[in-house]
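**Q** Here's my sequence, what's the structure:
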Amino acid sequence: MSTDELFDRLRRFPDVEAPNLFAVDAADRLLLDEAAPALEGAEPGTVVVIDDQYGALTLGAAVRFGTEDLRVHQDSIVAERALAANAEREGPAGRYRSRPLGEELLAGARVVLLRLPRSLTALTEIAENVARYADPGVVVFAGGRDKHITVAMNDVLGASFAEVRASRGRQKSRVLTARGAEPGALTYPVREHLDELDLTVVAHGAAFAGPRLDIGTRFLLDFLSRVDRDVRVAVDLGCGTGILAAMLARELPEVKVIATDQSAAAVASAAGTAAANGLAGRIDTLRDDVAGSIPDASVDAVLCNPPFHIGAAVHTGAARKMFTAAARILRPGGELWTVYNRHLDYHPALAGIVGPTRVAGRNRKFTVTRSVRSR
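**A** Below you'll find the predicted structure:
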């Protein structure tokens with residue numbers, strides 16, 4: 001099987017699939033081409049792939065170069081499951097193993113293929129871990145689309161590596177190559193006390209908004225006092241660093257909160273936030289794809305601050321998946337509190353998917369709604 005044949009068959013499933021969303025892009029192809037000299041004949045167990053989107057890098061290396069015993073870290077559990085599904089269907093399922101970011105992933109690594117994250121903080125945490133734990137001679141090939149690559153990314157890599165160079169652009173994509181690891185202290189996770197909430201927030205590099213309070217969450221917090229007082233089990237769906245989960249646990253001392261997210265960094269951050277505020281016994285963390293492992297009709301309330309994009313594409317598919325998940329896990333009469341950008345007007349979707357929905361509040365940027373699960 002050729003690489004092109006493989007790429008033609010790769011799917012995004014279980015992620016959102018649509019005509020304008022693709023499982024492979026030009027950055028994946030350029031990364032494999034730029035790394036080809038290092039991948040040719042690479043010894044088993046010396047190649048690491050980080051944040052492969054749907055399997056193009058992992059399976060591409062296995063098929064094109066015969067790479068064995070790849071170690072892979074994907075922050076997104078959706079990407080992790082998409083890779084597994086593609087590997088099972090196309091054959092090389094036994095050629096890689098998934099590992100958390102850290103020493104187990106990187107020890108002895110000589111080649112790292114990285115899809116550049118959009119966040120500089122995520123890139124910082126990755127670069128620091130590679131420099132500390134990989135082989136001293138490791139070479140990092142970090143690629144992405146031109147519109148998402150900034151000069152600051154060179155600086156971030158340059159803080160952990162002696163040499164960083166950019167490839168020629170191709171099809172609006174580029175690869176940064178880093179050599180000469182310069183190990184230093186790991187700066188993530190970070191901790192910050194939010195005085196306005198009297199809350200300590202713990203954040204890994206890839207966690208949305210870092211240790212800060214994003215403005216959508218801030219607005220939704222104004223409505224926690226209106227959550228049903230009889231709630232016993234609640235879910236922070238797409239929990240990020242766990243601010244909503246922690247504040248709800250404080251607001252309702254009898255509630256058991258499940259903080260769930262598809263991001264490994266977010267779930268680790270939420271667990272850290274819960275522990276830092278003495279709430280570890282009240283908040284369970286769960287890495288999952290839109291609460292897929294939570295039983296039907298098992299929770300009383302859901303809090304949700306959904307994304308309005310998938311990767312670089314503005315798309316409502318992720319929000320709709322979250323609304324559908326909330327409808328499934330809510331008991332009849334349970335409530336979903338949602339905050340979203342005013343221009344998106346999710347009201348009809350919420351009413352159709354969950355049940356009767358009313359606007360609880362609006363400001364210049366956001367709408368907060370309360371939806372009640374239909375019986």
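**Q** Please enumerate the strands of the stretch 201-350 of the chain.
**A** Assigned by DSSP state E, counting those that start in this stretch, the stretch 201-350 of the chain shows strands spanning 233-237, 256-261, 283-287, 299-304, 309-310, 313-314, 330-341.
**Q** Of all those strands, which one is nearest Ala152?
**A** For Ala152, the closest of these is strand 309-310, at 20.8 Å, according to C-beta to C-beta. All C-beta spots, glycine's among them, are computed from the backbone N, C-alpha and C.
**Q** Show me how this protein divides into domains.
**A** 3-181, 190-372 (automatic domain parsing).
**Q** need these in a markdown table with mean pLDDT and mean neighbour count, can you?
**A** A markdown table is the format used below for the domains of the chain (pLDDT from 0 to 100; neighbours: other C-beta atoms under 10 Å):
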| stretch | mean pLDDT | mean neighbour count |
| --- | --- | --- |
| domain 3-181 | 95 | 19 |
| domain 190-372 | 94 | 19 |
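**Q** So which of the strands of the stretch 201-350 of the chain is nearest Glu104?
**A** Once the strands of the stretch 201-350 of the chain are compared by C-beta to C-beta, strand 283-287 is nearest, at 16.8 Å.
**Q** So what angle separates the directions of the closest one and strand 233-237?
**A** Here strand 283-287 runs at 40 degrees with respect to strand 233-237, directions being taken by axes from the mean of the first three to the mean of the last three C-alpha atoms, to 10 degrees.
**Q** Run through the neighbouring helices and strands of strand 283-287.
**A** Where contact means 3 or more C-beta pairs under 8 Å, 6 or more residues apart in numbering; DSSP states H and E, strand 283-287 is packed against helix 243-251, strand 256-261, helix 264-276.
**Q** closest to Ala319 out of the ones you listed?
**A** Closest among these, using C-beta to C-beta: strand 256-261, at 14.6 Å.
**Q** what's that closest one in contact with?
**A** With contact meaning C-beta atoms under 8 Å, 6 or more residues apart in numbering, strand 256-261 is reached by 232-240, 242, 245, 248-249, 267, 270-271, 274, 282-288, 291, 294, 299.
**Q** Please apply the same query to stretch 167-181.
**A** 25-27, 29-31, 34-35, 116, 127, 130-131, 134, 136-147, 149, 153-154, 157-158, 160-166.
**Q** same thing but at 7 Å, please
**A** Contacts to stretch 167-181, defined as C-beta atoms under 7 Å, 6 or more residues apart in numbering, come from residues 26-27, 30-31, 34, 130-131, 134, 136, 138-146, 149, 153-154, 157, 160-166.
**Q** No further queries at this time; thank you.
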